[in-house]
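Student: model this:
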Amino acid sequence: MAPLDIGLVTGEKAPSLTDDGKDLAAELSTRGMEAEPVVWSDDRADPSAFDAVVFRSCWQYHRQPEAFRRWLDRLDEAGVTAVNPTSVVRWNMHKSYLRDLAEAGVDIVPTAAVPATSDRELESILTRRGWAEAVVKPTIGTSSAGVWRVSRGAATNSDARERFERARSEGDLLVQKYLPEIFEGERSLVFFGGEYSHASLRLPADDDFAANDVVEPYDPWEATIATAQSILDAARARFDLAPEALPYARIDGIVREGEFLLSELELIEPFLGLERSPGAVERFADAIEAALAVDSTE
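Tutor: As a prediction, this is how the structure comes out:
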């Protein structure tokens, strides 16, 4: 049997495979799958050349969301299996998915959605919600790009008002309550094929608020794992997916008064911490293999 051709999706600013991407490609090759990077924004790249693609480091999709959606359409038209599925990727790339999960009963960081067409003012949002501080972020974004922190008092300043209006003119926004518990770390739990794999604790620098600077090992409580599992179950239920049909997920949250609050559900996520957990590469490859086996029988 000829090996399956797998495209590991990257972006134009980092077209090559990361170290963990190379490890994954090597593991897949032992299972009859030949993996290579494919830059999603490269018009010369032919999706139909692959049997399947795995989203890994497609960093720039948030800068060209419509172009990225068109590329997802090309995958669908070519009948290429995607890991994770294109329907899930379309949903997850816009952070309005948090509202969907909240409506399904998931506890999220308190959040106000601000459409680009809205005329709501930042000060009024914080006043109405009773928030002393908040974090503003674009609904389509990666890492901490375009994310900033503001107090209710500062929201009255012309600079803050103009910054908010300018950001809103560029796209939909989220305003989230600032939780000082972020300095105790954002918990990141990774699941493969619906099963918990490993976790890490992401800490901000002393002078920052975004938990992207320091990553430490983390052994979550069983209750935290169970909560993260229920969040993943809610996402799968939205699409009526079996566990193996959603091969990977990273669930990020903040623990406040003993309660895990979802901050982000990452289903298009390069950072899975494969190098920090023995066997993680193999577990990820198992999940990919299981997803492709399910797809081939449908």
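Student: assumed Ala82 was part of a strand.
Tutor: Yes - counting by DSSP: H, G, I helix; E, B strand; the rest coil, Ala82 is part of a strand.
Student: separation between it and Gly21?
Tutor: Distance of Ala82 to Gly21, given as CB to CB, to the nearest Å: 16 Å. Yep, even glycine has a C-beta here, placed from its N, CA and C like the rest.
Student: got the buried residues for the lowest-mean-pLDDT helix or strand in the chain?
Tutor: Lowest on mean pLDDT, DSSP states H and E among the helices and strands of the chain sits strand 214-217, with a mean of 82. Burial within strand 214-217, assessed by neighbour count using 16 or more other CB atoms under 10 Å, is assigned to Val215.
Student: what's the pLDDT at Asp213?
Tutor: With respect to pLDDT, Asp213 has a value of 59.
Student: what about Gln176, distance to Trp91?
Tutor: Applying CB to CB, the value for Gln176 to Trp91 is 19 Å.
Student: nope, Arg152 is what I meant
Tutor: 32 Å.
Student: do Ala113 as well
Tutor: For Ala113 relative to Trp91 (CB to CB), the value is 15 Å.
Student: swap in Pro180?
Tutor: Between Pro180 and Trp91 the distance, using CB to CB, works out to 30 Å.
Student: quickly find the element holding Ser124.
Tutor: Under the criterion of DSSP states H and E, Ser124 resides in helix 122-129.
Student: extract the C-alpha set from the next helix or strand after that helix and format it as CSV.
Tutor: Per DSSP H and E, helix 122-129 leads on to strand 133-138 as the next helix or strand towards the C-terminus. Extracted C-alpha coordinates of strand 133-138, given in CSV (Å, rounded to 0.1, in the frame of the first residue of the first chain):
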residue,chain,number,x,y,z
GLU,A,133,-10.2,46.3,34.9
ALA,A,134,-10.6,44.4,31.6
VAL,A,135,-8.6,42.9,28.8
VAL,A,136,-9.5,43.8,25.2
LYS,A,137,-8.7,41.4,22.4
PRO,A,138,-9.7,40.8,18.8
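Student: who has more neighbours, Ala113 and Trp91?
Tutor: It is Trp91, of Ala113 and Trp91, that has more neighbours when counted by other CB atoms under 10 Å, with 18 against 15.
Student: how about the strands in the stretch 1-150 of the chain?
Tutor: Applying DSSP state E, counting those that start in this stretch to the stretch 1-150 of the chain gives strands spanning 4-10, 33-39, 52-57, 81-83, 111-114, 133-138, 148-151.
Student: list the buried residues of the fifth one.
Tutor: Going back to what we said before, that points to strand 111-114. Quick answer for strand 111-114 (16+ other CB under 10 Å): 111-112, 114.
Student: can I get those in a markdown table including pLDDT and distance to Ser263?
Tutor: Below are the buried residues of strand 111-114 laid out as a markdown table (pLDDT from 0 to 100; distance: CB to CB, whole Å):
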| residue | pLDDT | distance to Ser263 |
| --- | --- | --- |
| Thr111 | 96 | 9 |
| Ala112 | 96 | 14 |
| Val114 | 95 | 17 |
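Student: may I have the phi/psi pair for the most centrally placed residue in the chain?
Tutor: Geometric centre of the chain, nearest residue: Glu266, 2.2 Å, by CA atoms, centre = their mean. Per-residue torsions, Glu266: phi -100, psi 110 (degrees, to the nearest 10).
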